[in-house]
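Chemist: Coordinates for the following, if possible.
(2 chains)
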Number of protein chains: 2
Amino acid sequence: MAKKASSRLEWRINVPDGTSKVLEPESGAVGRIWVGLKGCMGIIVLKVWRVLENAWHIGVADPRKVIHCIKVGLALSIVSLFYYMRPLYDDFGGNAMWAVMTVVVVFEYTVGATFYKCINRVIATFLAGALGVGIHLVAEQSGDQLKPIILGISVFLFASAATFSRFIPSVKARFDYGAMIFILTFSLVSVSGYRVVELFELAHLRLSTIAIGTSLCILVTMLFCPVWAGCELHHLIHQNMEKLADSLDGCVAEYFKENGSEKDLNKKMQGYKCVLNSKAAEESMANFARWEPTHGRFNFTHPWKQYLKIGASLRNCAYCIETLNSCISSEIQAPPCLRKHFSNKCMKASSYSINVLKELAITIVKMKKSSNIDVKVAEMNFAVEELVDALKSLPTTHFIATTTGEESTKAKAEGVEGSEHPSPIMKVLPLVKVVSLMVEIATRIGGVVNAVEELARLAEFKAAKDGKPKQNQPTDKLVADHRNS
Amino acid sequence: MAKKASSRLEWRINVPDGTSKVLEPESGAVGRIWVGLKGCMGIIVLKVWRVLENAWHIGVADPRKVIHCIKVGLALSIVSLFYYMRPLYDDFGGNAMWAVMTVVVVFEYTVGATFYKCINRVIATFLAGALGVGIHLVAEQSGDQLKPIILGISVFLFASAATFSRFIPSVKARFDYGAMIFILTFSLVSVSGYRVVELFELAHLRLSTIAIGTSLCILVTMLFCPVWAGCELHHLIHQNMEKLADSLDGCVAEYFKENGSEKDLNKKMQGYKCVLNSKAAEESMANFARWEPTHGRFNFTHPWKQYLKIGASLRNCAYCIETLNSCISSEIQAPPCLRKHFSNKCMKASSYSINVLKELAITIVKMKKSSNIDVKVAEMNFAVEELVDALKSLPTTHFIATTTGEESTKAKAEGVEGSEHPSPIMKVLPLVKVVSLMVEIATRIGGVVNAVEELARLAEFKAAKDGKPKQNQPTDKLVADHRNS
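Modeler: As a prediction, this is how the structure comes out:
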């Protein structure tokens, strides 16, 4: 109201004649509506623009998503042909609608998901159709009065049972969509007013249209740039390993850095968060991957479940890196001289741990048993042992008394609360935390190594071909190094 | 083959006459088939039995799932009535099928999910129908030759665009189902061979059957034992808090236990794993909760997103508890005397941390601002500070020299590798790890407190009514305690 009054006041001051007063409220209303409309349009344009920008980035980041959209359009256009080709149309009639519906509902991003839905749809339609016709036969023979009761009760019972089956985890993982299609088809067949003879014809037509739809989907999804759920899972696990290695590298570099560029490190360090959050994606992909036929280097019996175990062991590492990350960003830190003392050993342990992770990533990518992995694990264990030894051999009281003497006297002079007995432990504490986490991470990387070796055994990875006599040489060198140090 | 031969041999010995030889292979084959069938039947019965047992446990654990199944059966039975009531059937004809289909596809476990699907379905059907009719009008006026081309291109373009929109996270979260229904309806309308006048009638009928289906679903899902996604989310967050508190309690009790019952503790300790894995469930429930109308204590604008932040802060705590858990189960432990020395302080810090978590859980359940939370947080901080002080004031070398002197001399006598300089740090290390994790957990519980307070502010929780003059008394007592100790 105050705003309105002030605008009127302005108007009178600027154009103080009689006619302007009559025009003023109308023009004001129109103006306000116009301003409001402009504002609304602006907001809508801005929102649409943002969505489009977002969409553009998604498309650029993964062009296969754009290709998927084109595939869906293509499959629908092909299925539309059935409507324009009269001979087919005359055969299928209104049932051709089911082919369109099948394509829309069944076509998924990955081949595995499409297969899962196609197979579920066909089997569930067939089973439910057969059951529905059977119950129709029974109902028809028990008279007109009993028929609706029998049909109603059967719909109630089967729909309830099928709905409940969707709560059972093993059924949900494999047949969730099938259970829904079962309920749908069974209800439609049961309640349709047709006679049984008509039903047989209808069932035949519907099954053939669904078969046309599903086979078209499978053809299009497999022939044009197929996206295999198995490959995606394989790639995700490999990527997660790389991300973990980068995070570990970033964290340690950040902690012991002197004058590094912080921005670059920060981005690198955050990779472990993706690993923490990838459980759901891994599980759904492993679920779809087992429906996929043999493709590329993966056959039908590829041990997809083992990937979930590798994923779990990677997440186990990621939990530790998360704690390490919070140690690094904490404000209380060990004195720089002490940090410098441990810098080399820590960097060495972390770089050997990273080597193991990268070697595992290569094993996954190449699907060949690594000949170096034992050496690299030994290197990592040696480096960790050295780190622990360094911690053990740290002559705590003396070392700290000489190096941080100034600080402790300063604290005493200021009479800081709680530091009446400035203990050496508090000085070493942050570093001890980092070192013990490094040790824990190395242990958990050992878990990843075991999971990957189990995968290599189950999937029968071949040995890598570079048959250099490496197996003994480096270990010997390592042991010698270890003794010298 | 060996088995076959031996069975023949037996037969000859037992019944060594002529006719038996003719009958023998047939009876053997029948027998083998019979044994095989029995084996198959046994396996199938066993599997079905296991699934049924599993289903029974699921039903007993959450009877609402059974009620949901009954609700689905009920909704389908009601919608079937449309087929048996002739007047309605004559009106809707084959389109009544769409009501059945709507019920099957749209009816979900939670009210929010049902609303989400209903609203998406109605709006998408309406939009796609209108657009489809519009394009039909344009195509019809451009001649018979151009018509299929225009229709085909429009199907291709709109289907591709709608499919792509499903990849945009903000669209996927709210309108994924709508986009699918849009493609479906648009394709069906575009490729149908009807003339525009028929189309209008068809669209009207289809929209009304879908309206009947959706309103029936909404009525049934809301009237009979509704399961609100918002309540579920609220309950899940509360439960996760309790589980975290139990895990922390179990871990600390396990570490400092003398003669506790291990089984009970182990079960308690594993609760944090549920918290680690509940991200996906939280997100989907928060997504559905915002579609729900005002119910119980939750109104339409309840800040569901804040629950996700609380969930994230809880998971943050759970990461730390995971690391703590691995510390506890590690083989290398601090000497018992040292552990005993810290036992009380650690138990105190953990029990105050647990108090804070339990108070937050009560705040969530009662939806009332706690009057004690500040006191409890102060108590927790005091206890943690005491713990850190205890660590600081630990006269490392002397204490350990006197208490673990025997062990170190033993190690020296055995000449254990790497323990040439038996450092006090290695003795304290495991305990230092546990203590520093306790401190970190307390810090992260602070994050949970902040998130819950933000929720209380956003959702306008009222202050709890028990207006005892508690606010000052306990803090004074605490401060006094702190000084005395």
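
Chemist: For stretch A:51-67, buried residues please.
Modeler: Neighbour-count burial for stretch A:51-67, counted by 16 or more other Cβ atoms under 10 Å in any protein chain shown, picks out A:Ala55, A:Ile58, A:Gly59, A:Lys65, A:Val66. (Glycine included, C-beta is placed from N, CA and C.)

Chemist: what subset of these is also close to chain B?
Modeler: The subset of the buried residues of stretch A:51-67 within reach of chain B, by Cβ under 8 Å from any Cβ of the partner chain, is A:Ala55, A:Ile58, A:Gly59, A:Lys65, A:Val66.

Chemist: ok, the second one touching A:Lys65?
Modeler: Yes. At 6.3 Å, A:Ile58 and A:Lys65 qualify as touching, with contact defined as Cβ atoms under 8 Å.

Chemist: so what's A:Glu282 closest to, chain neighbours aside?
Modeler: Among residues not flanking A:Glu282 along the chain, A:Gly311 sits closest, at 4.6 Å (Cβ to Cβ, 6 or more residues apart in numbering or on different chains).

Chemist: neighbours around that neighbour, how many?
Modeler: 24 (other Cβ atoms under 10 Å in any protein chain shown).

Chemist: Name all residues that make contact with A:Arg315.
Modeler: A:Val275, A:Leu276, A:Ser278, A:Lys279 (Cβ atoms under 8 Å, 6 or more residues apart in numbering or on different chains).

Chemist: Show me the shaky parts of chain A.
Modeler: In the predicted model of chain A, residues A:1-27, A:82-95, A:193-196, A:258-265, A:331-334, A:394-426, A:465-485 satisfy pLDDT under 70.

Chemist: where does A:His302 land in three-state SS?
Modeler: Following DSSP: H, G, I helix; E, B strand; the rest coil, we place A:His302 in the coil state.

Chemist: Contact partners for it?
Modeler: A:Gly230, A:Ala289, A:Ala459.

Chemist: Can you lay out the residues you listed as JSON lines showing neighbour count?
Modeler: Shown next, in JSON lines, are those (neighbours: other Cβ atoms under 10 Å in any protein chain shown):
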{"residue": "A:Gly230", "neighbour count": "25"}
{"residue": "A:Ala289", "neighbour count": "25"}
{"residue": "A:Ala459", "neighbour count": "17"}
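
Chemist: any chance of the residues you listed in JSON lines, plus secondary structure?
Modeler: Shown next, in JSON lines, are those (three-state DSSP):
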{"residue": "A:Gly230", "secondary structure": "helix"}
{"residue": "A:Ala289", "secondary structure": "helix"}
{"residue": "A:Ala459", "secondary structure": "coil"}
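
Chemist: okay, which residue is most central for chain A?
Modeler: Central residue of chain A (Cα atoms, centre = their mean): A:Ala281, 3.5 Å from the mean position.

Chemist: Show me where chain A has its strands.
Modeler: A:368-369, A:462-463 (DSSP state E).

Chemist: coming back round to it: going by neighbour count, which of the contacts of A:Arg315 comes out on top?
Modeler: That'd be A:Val275 among the contacts of A:Arg315, by other Cβ under 10 Å, with 25 neighbours.

Chemist: rewinding a little: wait, doesn't the residue nearest to A:Glu282 sit right on A:Asn277?
Modeler: No. Counting by Cβ under 8 Å, A:Gly311 stays clear of A:Asn277, with 11.4 Å between them.

Chemist: thinking again about what came up before, in helices, which of the ones next to chain B among the buried residues of stretch A:51-67 fall?
Modeler: Cross-referencing those against helices under DSSP state H gives A:Ala55, A:Ile58, A:Gly59, A:Lys65, A:Val66.

Chemist: Tell me the spacing between A:Val356 and chain B.
Modeler: Applying Cβ to the nearest Cβ, to the nearest Å, the value for A:Val356 to chain B is 19 Å.

Chemist: Now for that residue: which residues touch it?
Modeler: Contacts of A:Val356 (Cβ under 8 Å, 6+ apart): A:Ile373, A:Lys376, A:Val377, A:Glu379, A:Met380, A:Ile445, A:Val449.

Chemist: Save those residues as a markdown table, and put in neighbour count and distance to chain B too.
Modeler: Output for the contacts of A:Val356, formatted as a markdown table (neighbours: other Cβ atoms under 10 Å in any protein chain shown; distance: Cβ to the nearest Cβ, whole Å):
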| residue | neighbour count | distance to chain B |
| --- | --- | --- |
| A:Ile373 | 20 | 24 |
| A:Lys376 | 21 | 22 |
| A:Val377 | 20 | 19 |
| A:Glu379 | 23 | 18 |
| A:Met380 | 25 | 17 |
| A:Ile445 | 27 | 14 |
| A:Val449 | 22 | 17 |
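
Chemist: Having no further points to raise, I will conclude here.
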